[in-house]
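requesting a structural model of the entry that follows:
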Amino acid sequence: MRLFIAVQLPPDWRAAAHVAGEVLAQSTLVPMRRVAPELMHITLRFLGEVDPERIPALSEALARRAPPIDIMLRIGGADTFGPPDRTRTVWLGIGGNVLGLRALARRVELAVRDAGLPPATAAFRPHLTLANLGTKVTPDERRVVAETAHMLPPLPAAPFRVREVVLVHSTLGGAQPRYEVVAKVR
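Reported below is the predicted structural model:
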C-alpha cells in the first residue's frame, strides 16, 4: 500500500488554495497539473509502499508518539522549488507555529521508525502543493510561473488549529490519485 501521514486542511484553506491555483493558471497560461482541492493536505511524512501488515504497528506507534497535537497554523504566500527556470512545483507556505509543526513531524518520524520502517530520505519542508509543471514546460514558462507565484496576493484563509494527523492510503491512476484515511490520531 502506498501511504503517507498528513494534516488535513479546513475547507477555507482548500478554497483559498484553489483560487490561488486558478489565478496562477489563468495569469500564466502555462500547462500545469493542479492539485484538486479535496486532495490538498500538508504531508508530514511520505512513506511510499508499505506492507499492509505493518499498518497496525504504525497506527499504534503514531498514537503513542504524535500526541499532544495542538498547533495553530496560517496559510502563507506562494513560491516554487528550485531555480525559477527549472521549477517543477508551485506551493503555498505554512506560517504560524511552524516550530510546533516541525516538532510534530519529528514525532511522526520517530513513530515511523518505531514501526520498523526506514528513516526519511528528505528533510521536512512544510508546504501545500498547488500544482506541478510537466516535462514539456520550457525554462521561460517555468520562470513566468515562478515570478507570478511570488506576486500572488495573500490568501483569505483564517488560521486553523491542527488537532490530528491522518495515515492515508494513496491509490494512483487516473487524472488524480484517490485517498483513503486508514487511521486518525488526535
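
now stretch 5-22: how far from the chain's centre is it?
Relative to its chain's centre, stretch 5-22 lies at 10 Å (C-alpha atoms, centre = their mean, to the nearest Å).

also stretch 124-141?
That offset, for stretch 124-141, works out to 13 Å (C-alpha atoms, centre = their mean).

buried set for that stretch?
Neighbour counts using 16 or more other C-beta atoms under 10 Å place 124, 126, 127, 128, 129, 130, 131, 133, 137, 141 of stretch 124-141 among the buried residues. Just so you know, the C-beta spots here come from the backbone N, C-alpha and C atoms, and that holds for glycine as well.

please apply the same query to stretch 80-96.
Those would be 80, 84, 87, 88, 89, 90, 91, 92, 94, 96, for stretch 80-96 by 16+ other C-beta under 10 Å.

do stretch 45-57 as well
So for stretch 45-57, counting by 16+ other C-beta under 10 Å, buried means 45, 47, 50, 54, 55.

and residue 38, how far is that from residue 161?
Distance from residue 38 to residue 161, counting by C-beta to C-beta, to the nearest Å: 21 Å.

er, residue 27 actually
To residue 161, residue 27 is 32 Å away according to C-beta to C-beta.

neighbour-wise, which of the two wins?
Each of residue 27 and residue 161 has its neighbours counted (other C-beta atoms under 10 Å); residue 27 has more, 15 against 12.
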